[in-house]
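S.K.: Attaching a predicted model along with its sequence, questions to come.
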Amino acid sequence: MTVSRRTLLAGSVAGAAAVGTGAVAWQSADALPPGMLGGADAVRGHRLRDGHFPEPVRVEHCDVAIVGGGIAGLSAAWALADAGVTEFRLLELEDRAGGNARSGRNAVSAFPLGAHYLPIPNPEAKGVMRLLEQLGIITGWQANKPVFDPYQLASDPEGRLLRYGRWQEGLVPTTGLSDTDRHDLIAFFATMKGFSGRRDAAGRPAFAIPMALSSRDPDLLALDTISMNQWLDEQGWRSPVLRAHVRYCCRDDYGTEPAEVSAWAGIHYFAGRRGSAANTDGDTVLTWPEGNGYLAGRMAARLAGHIEKGRTVYRVRNEGTKAVVDSYDEATKQSVRLIANAAVVATPHFITRRLVQGGSAGAGNFEYAPWLVANVTVDRAPGGPGFGLAWDNVSWTSRSLGYVVATHQGLDPKPGATVLTWYLPLSDVAPADARRELLAKPLEYWQAMVRDDLIQTNPDLAGTIRRIDIWRWGHAMIRPTPGLLWNGEREAAAKPRPPLFFAHSDLSGMSIFEEAHWHGTRAAEEAMAHLNHPHVSALT
C-alpha cells in the first residue's frame, strides 16, 4: 500500500500572491536567498479579536449572506448559484478567497500555499463528484465509475521516501525491516483493510467521507475516546517503523502527534479512502501546480460577481426573521450592515463563536494546528540515489513532511527550474507556543531551517536555490483530539439557528476538501429550505 500526503487544509484560490523569482541563485553556505514572509492577515485577525470597529454607516440587503470565502463558503455559494439563487453575497476577510490553502505564482510556476491535492472521491462523496463533473475534471462514466481527465491526475511516480541514504518508491518503508516491523506492518494494514470494507446494519461504511455518513456502531465511536497511540498499544504493535509511519500520517493530515489524535481520526486516515475510477487506481490523487488553488480558483471565477473581499465581518445576529451581518470594509474604512433573509456562517469555529451573538454557536474547545509552508525556487529539480524524483518526496529523518514538486505535472522531458513546496506542522510543541513562535521569528530564521533541511535531504540542491518564500498558518487546521468527533460538540456547533446556518470543515473535526464542501453545500441547502426556495440536493 502506497500512502501519499493527504490535505494540509481545505480550500485555496488560483493565482494568489505573486512573488518574484530573484535573479541570482544562492551560492554561499551562509548567505540566504531572497524571499517573502506571508500568511493570513494578522492585522485584520487581531482587529477582529480586539473588536474595535465603527458602527455601520449604511444598510444593504440580500437574500442570503455568506460569511467566509474558504472552500465551505465557496461551496455554499456554488450550491446557491446552481439552484438559481441570484441575490446572495459572500464576504471574505482576506484580499483573496480560498481559505487556508491559497496559491501563489512566480515566473517559474504556480504553487500551493497549503492544500495541494484531492484524492479520488469516495462513492458517497456525491457532492464533490458533481462539482468535478461541472468543472470538467470528471469527463464521463463507465460501469458506474467516474472517468477522470488524465492530465489532472498525479503523474507517476507519485511518492518516494529517503531512508538509509537512498530513495525508495512509496512512503511505507520496505527495506531494513526487522521481523517485528514486518509483522506489525502487515497486521496493521490488514486491520485497516478490514475497517475499510466494514459496513453496519444500515449499510453505512465504518469510516466515510464525508464523515457524517459513517457508521455509529458503538465500538467504532468508542475509538474517539482514546488516542491513536493508545489504540496501537492495545493492539500490541510496538514496531518503531510502524509507529514512525503512523506519526507521519497523523502529522500529515492533522498537524498533530498521534498521542493527541483521536484513534477514530487516526484510523480514518487509512480506512476512510475508498475512491474508485474507471481509468485510474483508487489511490491516485488529483493535483495541479497550484494545488487545490486550481479548484477554488475555478469556483471563485464563477462566483466573482458575488464575492466581496477585504470585508472583516465582526458581528452576526438574528433579528426577528432576518440575519444581520456587520462588516468592516478594509478599503473604505467604514462599516456596513447587511440584512439578509438567511446567512451561512462559513468561518472557522473559533471565529464563528466570536462573531455570532445571542448565544454560543456550539460549545467545545476546538484546537488548531499551526503550520509552516515554504516555496523554494530552484534552478533544477532535485535527484538523489535510488528511486527517481516523485511528486511527493519525504525524508525518514526530517522534522518536515518533505516537499512536493510544483512542475511534476509538466510535459517537458527536460525540465529546468522548478518550485518545491515544503511542509512543516509545528506539532512537537503546544499549538499556542507554536503560534507565538511563528509570529516572533523573522524570515531568515525560517529560511535557514528550510534551506538546511532541503540540503540535508538533497545535497545536490546546493548552489541551485533562488528563493525561499515562507507562508505561516497560525490556525491551519482543526486538531481531532480524543473526544472531539463523537461527543456531541461538532453536532452542536453545526446545528442551525434559522435564519443562521453553519458550515466549515471544523464541523467534521477534519480539515479536508470533501468535508468543507459537504458542510458548505449542506448549509446552503438548509438555508434554501428555510426560504422555501426550490432545489435538488447535490449531496444525495
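M.R.: Noted; the coordinates are in hand. If you're wondering where the values come from, they're calculated on a predicted model, not measured in any experiment.

S.K.: looking at this structure, which helix or strand is least sure?
M.R.: Taking mean pLDDT, DSSP states H and E as the measure, the helices and strands of the chain show their lowest mean at helix 42-50, namely a mean of 87.

S.K.: Check the offset of that helix from the chain's centre.
M.R.: Computed by C-alpha atoms, centre = their mean, to the nearest Å, the chain-centroid distance of helix 42-50 equals 23 Å.

S.K.: Can you name the element that comes right after that helix?
M.R.: Using DSSP states H and E, the helix or strand that follows helix 42-50 in sequence is strand 58-67.

S.K.: Now do that next one: which elements does it pack against?
M.R.: Packed against strand 58-67, as judged by 3 or more C-beta pairs under 8 Å, 6 or more residues apart in numbering; DSSP states H and E, are the following elements: helix 71-82, strand 88-92, strand 322-329, strand 334-345. For glycine as for every other residue, the C-beta is placed from the backbone atoms N, C-alpha and C.

S.K.: and among those, the most buried is which?
M.R.: The densest packing among these, expressed as mean neighbour count by mean count of other C-beta atoms under 10 Å, is seen in helix 71-82 with a mean of 29.

S.K.: and that helix, C-alpha only, in PDB?
M.R.: Written as PDB, here are the backbone C-alpha positions of helix 71-82 (Å, rounded to 0.1, in the frame of the first residue of the first chain):
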ATOM      1  CA  ILE A  71     -14.000  26.000   0.400                       C
ATOM      2  CA  ALA A  72     -17.000  25.800   2.700                       C
ATOM      3  CA  GLY A  73     -18.200  29.300   1.800                       C
ATOM      4  CA  LEU A  74     -17.400  28.900  -1.900                       C
ATOM      5  CA  SER A  75     -19.300  25.600  -1.800                       C
ATOM      6  CA  ALA A  76     -22.300  27.200  -0.200                       C
ATOM      7  CA  ALA A  77     -22.200  30.000  -2.900                       C
ATOM      8  CA  TRP A  78     -21.900  27.300  -5.600                       C
ATOM      9  CA  ALA A  79     -25.000  25.500  -4.400                       C
ATOM     10  CA  LEU A  80     -27.000  28.700  -4.300                       C
ATOM     11  CA  ALA A  81     -26.000  29.600  -7.800                       C
ATOM     12  CA  ASP A  82     -26.800  26.100  -9.000                       C
END
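
S.K.: Distance from it to the middle of the chain?
M.R.: For helix 71-82 - counting by C-alpha atoms, centre = their mean - the centre lies 17 Å from the chain centre.

S.K.: Please apply the same query to stretch 479-490.
M.R.: For stretch 479-490, the distance between its averaged C-alpha position and the chain's averaged C-alpha position is 18 Å (C-alpha atoms, centre = their mean).

S.K.: Next, the buried residues of it.
M.R.: If you call a residue buried by 16 or more other C-beta atoms under 10 Å, then stretch 479-490 has these buried ones: Arg479, Pro480, Thr481, Pro482, Gly483, Leu484, Leu485, Trp486, Glu489, Arg490.

S.K.: element containing the second one, please.
M.R.: Think Pro480. In this structure, Pro480 is located outside every helix and strand according to DSSP H and E.

S.K.: Apart from its chain neighbours, what residue comes closest to it?
M.R.: Take Pro480 and drop its neighbours on the chain: the residue closest to it by C-beta to C-beta, 6 or more residues apart in numbering is Ala265, 3.7 Å away.

S.K.: What is the least confident helix or strand of the chain packed up against?
M.R.: If contacts are counted by 3+ C-beta pairs under 8 Å, 6+ apart, helix 42-50 sits against strand 311-319, helix 349-355.

S.K.: residues of the shortest one that come out buried?
M.R.: What that stands for is helix 349-355. Under the neighbour-count criterion of 16+ other C-beta under 10 Å, helix 349-355 has His349, Ile351, Thr352, Arg353, Arg354, Leu355 buried.

S.K.: And for stretch 374-391?
M.R.: Residues of stretch 374-391 classed as buried under the neighbour-count rule (16+ other C-beta under 10 Å) are 374-378, 381-382, 384, 386-387, 389-391.

S.K.: now the end-to-end length of that stretch.
M.R.: By C-alpha to C-alpha, to the nearest Å, the extent of stretch 374-391 from end to end equals 16 Å.

S.K.: surely Leu113 meets Val373?
M.R.: Yes: using C-beta atoms under 8 Å, Leu113 makes contact with Val373 at a distance of 5.8 Å.

S.K.: Now for those two: what residues contact both?
M.R.: Counting by C-beta atoms under 8 Å, 6 or more residues apart in numbering, the shared contacts of Leu113 and Val373 are Trp471.

S.K.: quick one: the helices in the stretch 301-450 of the chain?
M.R.: Counting by DSSP state H, counting those that start in this stretch, the stretch 301-450 of the chain has helices at residues 349-355, 431-440, 443-457.

S.K.: low-confidence ranges in the chain?
M.R.: Within the chain, the segments meeting pLDDT under 70 span 1-30, 101, 359-364, 413-414.

S.K.: in it, which strand has the most residues?
M.R.: Of all the elements of type strand in the chain, the one with the most residues (DSSP state E) is strand 465-478.

S.K.: quick one, it and helix 42-50 angle?
M.R.: With axes from the mean of the first three to the mean of the last three C-alpha atoms, to 10 degrees defining the directions, strand 465-478 sits at 20 degrees from helix 42-50.

S.K.: what's the following helix or strand after strand 465-478?
M.R.: Moving toward the C-terminus from strand 465-478, the first helix or strand encountered (DSSP H and E) is helix 489-494.

S.K.: Now do the buried residues in the helix or strand just after that following helix.
M.R.: Remark: after helix 489-494, the chain's next helix or strand is strand 500-502, criterion DSSP H and E. Judged by neighbour count (16+ other C-beta under 10 Å), strand 500-502 contains these buried residues: Leu500, Phe501, Phe502.

S.K.: Residues touching strand 500-502, excluding its own?
M.R.: Counting by C-beta under 8 Å, 6+ apart, the neighbours of strand 500-502 from elsewhere in the structure are 316, 318, 323, 342-346, 352, 356, 361-362, 493-496, 519, 523-524, 526-527, 530.

S.K.: separation between Ala125 and Ile186?
M.R.: Going from Ala125 to Ile186 by C-beta to C-beta, to the nearest Å gives 29 Å.

S.K.: typo on my end, Asp253
M.R.: When C-beta to C-beta is applied, the distance between Asp253 and Ile186 equals 23 Å.
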